[in-house]
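1. need a structure here:
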Amino acid sequence: MMVRETGEASAVSVTADTIADQLGETEELPRRQVRRVVRTLGEDRARALLAEALAIEAAGGELLPDGSRRRTPGGVFFRLVRRAATATERKAIFPPTTAPARPAASPPFTWADYAAIAPTLGKGAGEATTVKITVIGRPKQVRAQGEVVLVPLVSEKLPTIPKGLPTPATGTAYALLIARKQWQKVAAALEDPADRLIAEGYPTLRPGFEGITVLATNVTTTGQQAAKRQAQQASPGPG
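-> Numbers count the residues shown, from 1 in each chain. Below you'll find the model as predicted:
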């Protein structure tokens, strides 16, 4: 069903559209504000303010307070409206905007939350095509068992944890399982108390050890890496 405007409402709309057109305002928000100007101040006052705005524009326009650019004709008109209107009229023409309510902050994710969810994480899990862990540290004890060298390490110093993630309450223990041939490549270098072991490998959980067991695939030391870089820098490039 079509609702027809009353004569007074129609006149306000026609006058407002005429003023908006003369100001070059095409967007809905300023055109709506012009209608509120006409409805609140009346057609005569609105037309008088339009005439003043157009006169300022014809005389060269008006700069913004910071001098960065000229006001648009609509900007001049609305500045004149704010100056001419009473506080009550300004409130009717330029109603205060209500900022959107911020969503309530989610409660922090805790290890208790993780404990409740963890049993379900294995169901329908995706495929991890590549898994690798790098452990860097200074061994205090080394145990050899056949062709395997075991190096226990404990991580107590936490890195910067992204906001929102729970912080571990204690350090994490690691048991590095290194093939004897690989260990022989780094054993002499680790006699230097300033050197540190770098082990890359596959992390796994094994019964009997309350930590992460790492099956080492590659081992080196910080000193060996530094020496390798220096050698590469010293070697002449292709002539």
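2. Quick check: next helix or strand after the longest strand anywhere in the chain?
-> Longest strand in the chain, counting residues (DSSP state E): strand 212-221. Using DSSP states H and E, the helix or strand that follows strand 212-221 in sequence is helix 222-234.
3. mind listing what's buried in that following helix?
-> Within helix 222-234, the residues scored as buried using 16 or more other Cβ atoms under 10 Å are Thr222, Gly223, Gln224. Backbone N, C-alpha and C define where each C-beta goes, glycine included.
4. Break the protein into its domains for me.
-> As given by automatic domain parsing, the domain ranges for the chain are 8-93, 130-234.
5. element containing Thr167, please.
-> Following DSSP H and E, there is no helix or strand that holds Thr167.
6. Does it touch Pro159 like I think?
-> No - using Cβ atoms under 8 Å, Thr167 is not in contact with Pro159, being 10.6 Å away.
7. Show me which residues of the host helix or strand of Pro152 are buried.
-> Following DSSP H and E, one finds Pro152 within strand 148-155. Buried residues in strand 148-155, counted by 16+ other Cβ under 10 Å: Val149, Leu150, Val151, Pro152, Leu153, Ser155.
8. cool, stretch 181-190 as well?
-> By neighbour count with 16+ other Cβ under 10 Å, stretch 181-190 contains the buried residues Gln182, Trp183, Val186, Ala187, Ala189, Leu190.
9. same thing with stretch 107-127?
-> In stretch 107-127, no residue is buried by neighbour count (16+ other Cβ under 10 Å).
10. and it, how far out from the chain's middle?
-> Stretch 107-127 sits 24 Å away from the centroid of its parent chain (Cα atoms, centre = their mean, to the nearest Å).
11. Need the CA coordinates for it. CSV is fine.
-> Taking Å, rounded to 0.1, in the frame of the first residue of the first chain, the C-alpha atoms of stretch 107-127 are listed here in CSV:
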residue,chain,number,x,y,z
PRO,A,107,36.7,-15.1,28.8
PRO,A,108,40.4,-16.0,28.5
PHE,A,109,41.3,-19.5,27.2
THR,A,110,42.8,-21.5,30.0
TRP,A,111,44.5,-24.8,30.4
ALA,A,112,41.4,-26.1,32.1
ASP,A,113,39.5,-25.3,28.9
TYR,A,114,42.1,-27.1,26.9
ALA,A,115,41.9,-30.2,29.2
ALA,A,116,38.1,-30.3,28.6
ILE,A,117,38.5,-30.0,24.8
ALA,A,118,41.7,-32.1,24.3
PRO,A,119,40.0,-35.6,24.4
THR,A,120,37.9,-34.6,21.3
LEU,A,121,40.7,-33.2,19.2
GLY,A,122,41.8,-36.5,17.7
LYS,A,123,38.4,-37.1,16.1
GLY,A,124,38.3,-36.0,12.5
ALA,A,125,41.7,-34.4,12.7
GLY,A,126,43.4,-33.2,9.5
GLU,A,127,46.6,-34.6,8.1
